[in-house]
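need a structure here:
(2 chains)
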Amino acid sequence: QQQVKQSPQSLIVQKGGISIINCAYENTAFDYFPWYQQFPGKGPALLIAIRPDVSEKKEGRFTISFNKSAKQFSLHIMDSQPGDSATYFCAASKPGTASKLTFGTGTRLQVTL
Amino acid sequence: KAGVTQTPRYLIKTRGQQVTLSCSPISGHRSVSWYQQTPGQGLQFLFEYFSETQRNKGNFPGRFSGRQFSNSRSEMNVSTLELGDSALYLCASSLATVSAKTQYFGPGTRLLVL
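Got it, this is the predicted structure:
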């Protein structure tokens, strides 16, 4: 049972555009929602994370929007750059098990010139 | 501060063999988690060790095991390797406190089972 569903599977955005990746979760016990960025040959790196008591969190060009009632959260990358081309994973964990992340299936983002 | 290191980076084994992978966490981190990454199944949690004790476990067969040493370094072992065990094995470390949940991943060990 896939507990975190991520879409789209792949995304092509022009330089300067907005990249939007969506995730939906099923388990209402989740209380921590990070986004990770992974480049080829590297391990995932934390981009930004949010807890369900906040509807939006922004760090630089990256914003998480969180909709608790819909059990959805999304990553927005503003002013997308070619260097943002990577695979992005949403994830979730339950209280007391922050190290046990349930990941989405990933979105391969390509930012074109 | 040095990041999470994993050794070896690449490994080729044959079916039926066993393999041991090593992970050194960021200094001061007491939690080490292991994940398997494959194109088909994505990133899946294997287990977490905290202060030398397995604290959480994923849905993997008993052929997958791990341990953590007093210096927080961790090893995972896969016995009786199967072709489907070919994957990137990632280790992540964390302070694992209420206010510091971030997991920092290593570059992974790519295992190929022939």
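
from here on, just use CA atoms for contacts and neighbour counts.
Noted.

what helices or strands is the helix or strand bottoming out on mean pLDDT in chain B leaning on?
When each helix and strand of chain B is scored by mean pLDDT, DSSP states H and E, strand B:53-57 comes last, with a mean of 91. Packed against strand B:53-57 by the contact rule (3 or more C-alpha pairs under 8 Å, 6 or more residues apart in numbering or on different chains; DSSP states H and E) you find strand B:42-50, strand B:64-68.

let's go with 10 Å and repeat that
If you count contacts as 3 or more C-alpha pairs under 10 Å, 6 or more residues apart in numbering or on different chains; DSSP states H and E, strand B:53-57 packs onto strand B:31-38, strand B:42-50, strand B:64-68.

okay, the angle between the second one and strand B:53-57?
In this case it means strand B:42-50. 150 degrees (axes from the mean of the first three to the mean of the last three C-alpha atoms, to 10 degrees).

sheet-wise, list the partners of strand B:42-50 with their directions.
strand B:31-38 (antiparallel), strand B:53-57 (antiparallel) (DSSP bridges).

how much does that strand deviate in direction from strand B:64-68?
Using the same axes, to 10 degrees: strand B:42-50 against strand B:64-68 is 40 degrees.

what separation do you get for residue A:51 and residue B:79?
38 Å (C-alpha to C-alpha, to the nearest Å).

scratch that, residue B:6
Applying C-alpha to C-alpha to residue B:6 and residue B:79 gives a distance of 19 Å.

what of residue A:72?
39 Å.

repeat for residue A:82
From residue A:82 over to residue B:79 (counting by C-alpha to C-alpha), the distance is 42 Å.

with residue B:30 instead?
Taken as C-alpha to C-alpha, the span from residue B:30 to residue B:79 is 26 Å.

pLDDT weak spots in chain B?
In the predicted model, chain B carries pLDDT under 70 at residues B:1, B:98-100.
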